[in-house]
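Q: heads up, no residue letters with this:
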């Protein structure tokens, strides 16, 4: 009976040690995962900022043309306004915006 109790006590100690190691490893992995999510979020923000800048640069000429042109829309300037819209949609498609 004493041998069985000793063996069970040793087994219990071994299992408690394994559990402690597993908890430590779990905490370390959780921390690494949180850091990876933070880095991914920062990378996504940088990509979004780059997209905004590049899209702004691509559309700036169209915006300048729009703001400096006659604001009335009639038959005389229809073709020019239509062509401007076509150029804007091409730019948006080039940047990956699904418009269909």
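A: Here it is on my side, so go on. Predicted model, so just to flag it, every value in this text is computed and none were measured.
Q: for the protein, what spans make up the helices?
A: Along the chain, counting by DSSP state H, helices occupy 2-68, 78-94.
Q: Model confidence score at residue 30, please.
A: Listed pLDDT for residue 30 reads 92.
Q: And for it, the neighbour number?
A: Counted with other C-beta atoms under 10 Å, residues neighbouring residue 30 total 10. C-beta here means a position set from N, CA and C on the backbone, and glycine is covered the same way.
Q: State the distance from residue 76 to residue 65.
A: Plainly put, residue 76 is 16 Å away from residue 65 if you go by C-beta to C-beta, to the nearest Å.
Q: Now the residue nearest to residue 89 when sequence neighbours are not counted. Its backbone dihedrals?
A: Of all residues not flanking residue 89 in the chain, residue 99 sits nearest, at 6.2 Å (C-beta to C-beta, 6 or more residues apart in numbering). Here is the backbone geometry of residue 99 (degrees, to the nearest 10): phi -110, psi 0.
Q: my guess is residue 99 meets residue 90, correct?
A: No: with contact defined as C-beta atoms under 8 Å, residue 99 does not count as touching residue 90 (10.0 Å).
Q: Between those two, point out the one with more neighbours.
A: residue 90 (12 against 7).
Q: returning to what we had before: more neighbours: which of residue 76 and residue 65?
A: residue 65 (14 against 9).
Q: show me what contacts that one?
A: residue 84 (C-beta atoms under 8 Å, 6 or more residues apart in numbering).
Q: how close does it get to residue 59?
A: Distance from residue 65 to residue 59, counting by C-beta to C-beta: 10 Å.
Q: before we move on, what about residue 91?
A: From residue 91 across to residue 59, the span is 6 Å (C-beta to C-beta).
Q: repeat for residue 78
A: Distance, residue 78 to residue 59, using C-beta to C-beta: 21 Å.
Q: Who has more neighbours out of the two?
A: residue 59 (16 against 10).
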